[in-house]
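1. Take this sequence and fold it.
(chains A and B)
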Amino acid sequence: MNQALNFTITKKLEGTMARSGVISTPHGEIKTPAFIVGGTKATVKTLTNEQVIALGGQSVLANTYHLMLRPGAEVMAAAGGINKFMNWSGPTFTDSGGFQAFSLGMAYKKGIDTVSHSEKGDAAQAVHSSTQLAKVNDEGVKFQSHINGELLFMTPENSMEVQHAIAADIHMSFDEPTSPLAGRDYIKQAMDRTHRWAERSLKRHQELNAEHIQRGECLQALYGIVQGAREEDFRKESAQFLSQLDFDGYAIGGVFGYLEIPQVIQWVNEILPEDKPKHLLGLGSQPADLFLGVQYGTDTFDCVAPTRQARNGALFTYDGRINIRNARFCSDFSPIDSECDCYTCQNYSRAYINHLFRSDEILGLTLASIHNERFVVRTVDNIRDSIDDGTFFEYKKRFLERYYGPEQSTLFLD
RNA sequence: GCUGAGAUCGUGUAGUGGCAAUCACAGGAGACUGUAAAUCUCCCGCCUUACGGCUCCGAAGGUUCGAGUCCUUCUCUCAGCA
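-> Numbers count the residues shown, from 1 in each chain, chains lettered A, B, ... in the order given. Below is the predicted model:
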């Protein structure tokens, strides 16, 4: 294919921004909407690729910052790219490392989560913190490695160079997400910087793709990242700015939760080119994210929460989330969810998984991860089907009312 | 039987004359959204929504202004010797 990426919309859901489609990459297709599996360090934590495929994972997303630190860009290049390195044959994404400017910067050890509107704990002191491992300036982000303290400097250019060494199918431009505590002045400053970095990312990306052509290699794709926090004018400005640049797709970044999804995503998706794929960065820790994201035009999601929460014992059921460690599951021999088709639910009981967690047995982490990841992957797959057969709103209502209960679910039903 | 060492929260411990309850484990619950994360937070003698109140260092006495701590006796445990 002489194009890095091809996106075909197969069905639009009337009266909404939702659509189903197919993203074609050199490593295969992604049927969208799709949940992209978190594979930060070129591994889906606790799972083999066979398990990821069995739970329906179409594509994985790795992280440039992490792989740059270890094993390093040279090893990734020498391995022949991430697909060969981790033995994954399907489509892949890499995040640019921009998010670590936030998670290792303003948010580092400060109890700032990606959703809250106000500080909790000692977050108020974050602004004056000297413990943060990332500092941003116009040129790039100065990181102190969270592994060994080594100093490194990431720029849009070297993020792209490392991403091309990793050689995923779809890259992200280098960006700066802002803290939920940031004021409008800083949000604007970071957004403008993100725009300049988008131009620099794109330029370096195009140079690197030209080299791929010369060597007869596959082209790689690049998404531009929209920022602007929860500010309507900034979000629209950001979408407008990035629309004029020749990206293969767009990602919506920043830190917000499901309550802001309808507004934030609608603002930008009404402006971004309709025929390009849209990725919602870091959202999908719970069903409301998925339904709202798709309804307002999201084609792909990635989120580490399903696997992280699984490792910490928080498991999805159609009736809401449970903590499998709770005493009440010690002698509960039913599956995590009796309607779930995952390997774990087909073969193991709540009591057994409770025992594995209490005993610190690593199989528990794997079984829990299979379940949670299958739950979100299947939910997005079912959402796609509901777009194709026109039953999206019925499905959404039935799912969310049961999951959140009649009162809370009214927050997402319109 | 003799000698010695011990007995503090469910368990193992810290505390060696001055408001008892440190640390760990076990236990109870919660959080987690582009992974710093098999992590973090809270509770964990009794009562109390909370504020706070009441207990409590094997048992009983004693010394002392004051004892988990010092003394006496007893009970139990462990080790060694018979």
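
2. Would you check how far apart the closest residue to residue A:105 other than its chain neighbours and residue A:204 are?
-> Using CB to CB, 6 or more residues apart in numbering and skipping residues adjacent in sequence, the residue nearest residue A:105 is residue A:134, 3.7 Å away. (Glycine included, C-beta is placed from N, CA and C.) With distances taken as CB to CB, to the nearest Å, residue A:134 is found 21 Å from residue A:204.

3. any idea how far RNA strand B is from residue A:155?
-> 15 Å (CB to the nearest atom of the strand, to the nearest Å).

4. In this structure that residue contacts residue A:174, no?
-> Yes. The pair residue A:155 and residue A:174 passes the contact test of CB atoms under 8 Å, sitting 7.1 Å apart.

5. Give me the three-state assignment for the residue of chain A most remote from its centre.
-> For chain A, the C-alpha farthest from the mean C-alpha position belongs to residue A:331; by CA atoms, centre = their mean, that distance is 35.7 Å. Under the three-state scheme (DSSP: H, G, I helix; E, B strand; the rest coil), residue A:331 adopts coil.

6. residues in contact with the residue lying closest to it once chain neighbours are set aside?
-> Using CB to CB, 6+ apart and skipping the chain neighbours, the partner closest in space to residue A:331 is residue A:351 (5.6 Å). Residues in contact with residue A:351, defined by CB atoms under 8 Å, 6 or more residues apart in numbering, are A:329, A:330, A:331, A:332, A:333.

7. about what we covered before: which pLDDT value belongs to the residue farthest from the centre of chain A?
-> According to the prediction, residue A:331 has pLDDT 97.

8. Compare neighbour counts for residue A:155 and residue A:174 and give me the winner.
-> Each of residue A:155 and residue A:174 had its neighbours counted (other CB atoms under 10 Å), and the higher figure belongs to residue A:174 (28 against 16).

9. Looks like the more buried one contacts residue A:156 (just checking).
-> Yes. Contact status for residue A:174 versus residue A:156: in contact at 4.1 Å, counting by CB under 8 Å.

10. Show me chain A divided up by domain.
-> When chain A is parsed into structural domains using automatic domain parsing, the resulting residue ranges are A:6-101+A:155-303, A:314-400.

11. so of those domains, which one's packed in deepest?
-> Among these, judged by mean count of other CB atoms under 10 Å, the one packed with the most neighbours on average is domain A:6-101+A:155-303 (a mean of 21).

12. Let me know the average pLDDT across that one.
-> For domain A:6-101+A:155-303, the mean pLDDT works out to 97.

13. ok, now how distant is residue A:12 from residue A:397?
-> As judged by CB to CB, residue A:12 and residue A:397 stand 20 Å apart.

14. and if you look at residue A:359?
-> According to CB to CB, residue A:359 stands 40 Å off from residue A:397.

15. for residue A:173, same thing?
-> 37 Å.

16. for residue A:342, same thing?
-> The spacing between residue A:342 and residue A:397, counted by CB to CB, is 24 Å.

17. Then residue A:335?
-> 25 Å.

18. How about the contacts made by residue A:281?
-> Per CB under 8 Å, 6+ apart, neighbours of residue A:281: A:95, A:99, A:172, A:225, A:251, A:252, A:253, A:254, A:302.

19. got the contact list for the closest residue to the third one other than its chain neighbours?
-> It refers to residue A:172. With CB to CB, 6+ apart as the measure, residue A:96 is the residue that lies nearest to residue A:172, at 4.2 Å, once sequence neighbours are left out. If a contact means CB under 8 Å, 6+ apart, then residue A:96 has A:64, A:159, A:163, A:171, A:172, A:173, A:174, A:175, A:201, A:225 as its contacts.

20. is it true that the last one touches residue A:195?
-> No. In terms of CB under 8 Å, residue A:225 does not count as a neighbour of residue A:195; the distance is 9.8 Å.
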